[in-house]
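Have a look at this prediction, sequence included:
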Amino acid sequence: MGEHTVSSFDEELEHIDRLIRDMGDLSGAMTRASTNALLESDNALAQRVISDDAIMDAKQRELDERAITLIAKRQPMAQDLRSVVGAIRMASDLERIGDLAKNIAKRVGAVGQQGATPRSLAHSIDAMAGLVLHQVNAVVEQYVQRNADALIRLRDDDEKVDIQYTSVFRELLTYMMEDPRNITSCTHLLFCAKNLERIGDHVTNIAENAYYVMTGSQLPVQRPKLDETQMTVDAES
Amino acid sequence: MNMLTDAAVEETLQSGSKPAASKMAGKDVTVHYGEKQALFGVNLEVPERQVMALIGPSGCGKSTFLRCLNRMNDTIDICRVGGSILLDGEDIYDPRIDVVELRARVGMVFQKPNPFPKSIYENVAYGPRIHGLASKKSEFDEVVETSLQKAGLFNEVKDRLQEPGTGLSGGQQQRLCIARAIAVSPEVILMDEPCSALDPIATAKVEELIDELRENYTIVIVTHSMQQAARVSQRTAMFHLGNLVEEGPTDKMFTNPDDKRTQDYITGRFG
Ligand SMILES: Nc1ncnc2c1ncn2[C@@H]1O[C@H](COP(=O)(O)OP(=O)(O)OP(=O)(O)O)[C@@H](O)[C@H]1O
Ligand SMILES: [Mg+2]
């Protein structure tokens, strides 16, 4: 896309874009750090995630202010309008990812006190975290690369996260039934897994928004999501 | 997959893009000013009872096209118009057409408010008088009042109808010119940058008026304000270097236009 006749307009748009990328990088780092802290009972790392969340909030506020000022000042049209409105929406999803990572980090202490996480369980949460982290990093990357097609695939890949979540959920139930002393830590882990799953949902939103920013058309509505864990509860209770 | 929802979405997507019955149409319109060609075969349909905005960089031919729609170009000696312009399917350049009558059906409001140097009352009564649309004093009173009402000016001027129209503020003068255009009950109103000399409040009043007029009239408006085009029109046509580049539902034109030139122009990236 060519440059604006008014060059400060380009600078303002670029600044907003840079904030999105910063927030994207930060959300990836927070997701990674919070699960590492959880699996390794690393309280210091967990604290860092919690303080990073304040940075994330500050960046979102800055982005909102800049976007609103730009709209008031420039009255952007067409793809400019889409990218500003899209940025506001993506920033709010990224900020939520930060919150969810912080929630995971906050549980690190609680899980740690209850004794070690079972090995195989740590393994399947780790695998889920890996998937989610890949999604978070990829959505930022594809947004930066302006690769609309990759975003469609990314959105569809969220299903893998859901499947992984279901299997973590089943596994946790098994551990709780095997030994009731596991219940407290497993419950915390369950919340963590749920938070990871929701991070995946925010990635889906970001992919949809980024796609709209780039192409001007909306991705077709996705099939309604079946939460299998709901049925598992029914079946096993 | 929810079929019903998809169908509803599809319908919403489509609804903006279906033009209503066309009130006027330009077919292969070419215009020369002496040797210089200003329009190169423009095909454009103006849908009935909607507002169509003409946009494009200065000198691209918007006013030229607009003036073709009521043969205002006839008044320019060196101007030659080719192709055809249809009003309700009839070619307005047909020699049998009475130009005075045509201009009563297709009225015009100009960029600079140009009231006659007469009273407010006379400014509005003038058209109906020369077209023989009223004869008794009471009929004139009535047409003057309703036209001023429709133009949203009546309350501001009702106590000074005999004062000169030129004594009004710019925004009031523009609404007076709109009242003058409506007084002859036109079917189409052409407006060439009607708000360019007005402050935001006067502009808002004229825009509000355009929105109301749309119920009964077909309106074509030339504007340099993208926001104005986006606010007042249902369809937008983009001109560039004497060609029609793109025409479509306004919502789409300002969020996701097809043509790169439209994109560049409305986002402020031109040349
Ligand atoms: N009366 C005239 N005599 C000679 N050339 C003319 C005349 N009117 C317009 N032109 C030429 O025709 C071309 C189109 O002019 P037109 O006034 O239609 O442009 P426009 O799109 O309305 O521009 P603007 O936004 O500046 O009003 C220009 O190159 C202009 O110089
Ligand atoms: Mg003009």
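Perfect, thanks for sending it. Ligands and ions are numbered 1, 2, ... in the order given.

ok, residue 214 - contacts?
In the absence of a named chain, this looks at chain A. Residues in contact with A:Met214 (C-beta atoms under 8 Å, 6 or more residues apart in numbering or on different chains) are A:Arg146, A:Ala148, A:Leu151. Just so you know, the C-beta spots here come from the backbone N, C-alpha and C atoms, and that holds for glycine as well.

hmm, I had chain B in mind actually
Counting by C-beta under 8 Å, 6+ apart, B:Arg214 has contacts B:Arg49, B:Gln50, B:Val51, B:Gln234.

Relative to B:Met238, how far out is the first one?
I take that to be B:Arg49. For B:Arg49, the distance to B:Met238 equals 22 Å [C-beta to C-beta, to the nearest Å].

Among these two, which residue is more densely surrounded?
More crowded of B:Arg49 and B:Met238, by other C-beta atoms under 10 Å in any protein chain shown: B:Met238, with 27 against 16.

Need the CA coordinates for the helix or strand encompassing the more buried one. CSV is fine.
With secondary structure defined by DSSP states H and E, B:Met238 is part of strand B:235-240. The C-alpha coordinates for strand B:235-240 follow below in CSV (Å, rounded to 0.1, in the frame of the first residue of the first chain):
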residue,chain,number,x,y,z
ARG,B,235,-24.5,4.8,-3.6
THR,B,236,-21.2,6.4,-4.5
ALA,B,237,-19.5,6.8,-7.9
MET,B,238,-15.8,7.4,-8.2
PHE,B,239,-14.4,9.4,-11.2
HIS,B,240,-10.8,9.7,-12.3
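
is it up against chain A anywhere?
No. Strand B:235-240 lies out of reach of chain A by C-beta under 8 Å from any C-beta of the partner chain, never closer than 11.3 Å.

burial measure for A:Gly216, as a count.
For A:Gly216, the count of nearby residues is 16 (other C-beta under 10 Å).

How about B:Gln111?
With neighbours defined by other C-beta under 10 Å, the count for B:Gln111 comes to 16.

Am I right that it is in a helix?
No. Applying DSSP: H, G, I helix; E, B strand; the rest coil, one finds B:Gln111 to be coil, outside a helix.

mind listing what the residue nearest to it when sequence neighbours are not counted touches?
Residue nearest to B:Gln111 in three dimensions, not counting chain neighbours: B:Glu193, with 4.2 Å by C-beta to C-beta, 6 or more residues apart in numbering or on different chains. Residues counted as contacts of B:Glu193 (C-beta under 8 Å, 6+ apart) are B:Gln111, B:Val222, B:Thr223, B:His224.

so the residue nearest to A:Asn182 when sequence neighbours are not counted, which of the three states?
Nearest residue to A:Asn182, sequence neighbours excluded (C-beta to C-beta, 6+ apart): A:Tyr175, at 4.7 Å. Recorded secondary structure, A:Tyr175: helix (three-state DSSP).

Do I have it right that A:Tyr175 meets A:Thr187?
No. The pair A:Tyr175 and A:Thr187 fails to qualify as a contact (C-beta atoms under 8 Å) at a distance of 10.7 Å.

Which one's more surrounded, these two?
A:Tyr175 (19 against 16).

Turn the contacts of B:Arg214 into TSV, columns for pLDDT.
Below are the contacts of B:Arg214 laid out as TSV (pLDDT from 0 to 100):
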residue	pLDDT
B:Arg49	96
B:Gln50	96
B:Val51	97
B:Gln234	97
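
can I get those residues in CSV with distance to ligand 1 and secondary structure?
Shown next, in CSV, are the contacts of B:Arg214 (distance: C-beta to the nearest ligand atom, whole Å; DSSP: H, G, I helix; E, B strand; the rest coil):
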residue, distance to ligand 1, secondary structure
B:Arg49, 25, coil
B:Gln50, 21, coil
B:Val51, 18, strand
B:Gln234, 21, coil
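
Okay, now the unreliable bits of chain A?
Regions of chain A meeting the criterion pLDDT under 70 cover residues A:1, A:112-121, A:223-237.
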